[in-house]
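J.: the following comprises the amino acid sequence and a computationally predicted model.
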Amino acid sequence: MAIFRKLHTAFWQDAKVIEELTPEDKFFFIYLLTNPATTQIGIYQITKKQMSFELGYSIESINSLMDRFENHHKLIKYNPYTREIALKNWGKYNLDRSGKPMLDCVKKELEEVSDISLIEYVSKGIKKEEIKDIFKSYLNKENINKSNNDTYNESYTDTFKNLGQEEEEDKEEYKEKDIDKEKDLKSFNVGKYAKLYEQNIGLINGVAYEWIINISEEIDLKLFKKAIEIATDKGKCNKGYIGGIIRQWLNNNIKTYDDLKAYELNQGGQLNDRKSKYAREYENEDESTYQKPTEEQLRRVRELLESN
């Protein structure tokens, strides 16, 4: 991995960049071209969470940008399973040099790519024939290996295939779908917390987003909203103060809004019980303890004091 990446001046003169990309798109595109995970071949592994952290964007914003770049601008291709991204025109502007160090680096990085379709995607934009041949040779080698594996697997399947195996495959497929749904649901849930944060506290950076993720796993959304309301009433609507409120709740095992209402009701009931107890004790005390002394009692006290 290099410590710097070059950005061709033609980037700013490209018709697509000028006419189609918004200022935010341009900023995101430059990030994709220059971030620390980039490689020499224009294919690298990066998670959306990492992008969110480094750019200070929410996961929802990253998802929106990635979708726009892949399906609208058609400038990237992303594999959500291997977490690999490929930059369409990387080869056109960056793979324009040869030499043994360069070629060795390209070969090494191609070996590390999991999704072979991304190699084919980038290779289409390479003009340098020497480098393009390396990409093609790697694709041919992978195709031969894939063909051999498919032949072996077909033979094995024909020999040992049974209904039990098919059922297991179906179970795995449903399991993977359930996992994907769970991930989507979790991301959607965190988005609600992030929206509340942005509306009431401020912009979300990487640290704040990590905090929001942790909060979403510890308390429900309604309780988070209540913490913000309390902080707002106190004029201290910031992450530190809200975090303190939430820590106090968690120390009392309060994780949902219903838990909080039950806790407040229980505390109020205990207070009323204490008052009732004290009232009952007062009513049961001997009233003579608090009566005013008689004149005879006072005279005896004075005589006792004078004799001493």
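T.: Everything's here; your move.

J.: so what's the backbone phi/psi at Leu95?
T.: Backbone torsions of Leu95, given as degrees, to the nearest 10, read phi -100, psi 60.

J.: and this structure, what are its domains?
T.: 9-160, 162-284 (automatic domain parsing).

J.: let me have the ones you listed in TSV, adding distance to Leu304 and mean neighbour count as columns.
T.: Glycine gets a C-beta too; all of them are placed from N, C-alpha and C. Output for the domains of the chain, formatted as TSV (distance: least, CB to CB, whole Å; neighbours: other CB atoms under 10 Å):
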stretch	distance to Leu304	mean neighbour count
domain 9-160	85	15
domain 162-284	32	13
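
J.: what would those domains look like in JSON lines with mean pLDDT and distance to Arg300?
T.: What follows is the domains of the chain, written out as JSON lines (pLDDT from 0 to 100; distance: least, CB to CB, whole Å):
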{"stretch": "domain 9-160", "mean pLDDT": "85", "distance to Arg300": "85"}
{"stretch": "domain 162-284", "mean pLDDT": "73", "distance to Arg300": "30"}
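
J.: TSV for those domains, including distance to Arg299?
T.: As requested, those are exported to TSV (distance: least, CB to CB, whole Å):
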stretch	distance to Arg299
domain 9-160	87
domain 162-284	32
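
J.: mind checking how far Glu111 is from Ile134?
T.: The gap separating Glu111 from Ile134 is 11 Å, by CB to CB, to the nearest Å.

J.: measure Leu95 to Lys88 for me?
T.: Counting by CB to CB, the gap from Leu95 to Lys88 is 13 Å.

J.: pretty sure Ile245 is touching Ala227, no?
T.: Yes. Counting by CB atoms under 8 Å, Ala227 is a contact partner of Ile245 at 4.6 Å.

J.: would you map the helices across the chain?
T.: Per DSSP state H, the chain carries helices over the ranges 15-19, 23-34, 48-55, 59-67, 90-94, 100-111, 116-123, 129-160, 163-200, 206-218, 221-233, 239-251, 257-284, 295-307.

J.: what about the fifth one, distance to the chain center?
T.: Going by CA atoms, centre = their mean, to the nearest Å, the spacing between the C-alpha centre of helix 90-94 and its chain's C-alpha centre is 32 Å.

J.: packing partners for it?
T.: Using 3 or more CB pairs under 8 Å, 6 or more residues apart in numbering; DSSP states H and E, the elements in contact with helix 90-94 are helix 116-123.

J.: packing partners for the helix it packs on?
T.: Against helix 116-123 (3+ CB pairs under 8 Å, 6+ apart) you get strand 43-45, strand 76-79, strand 84-87, helix 90-94, helix 129-160.
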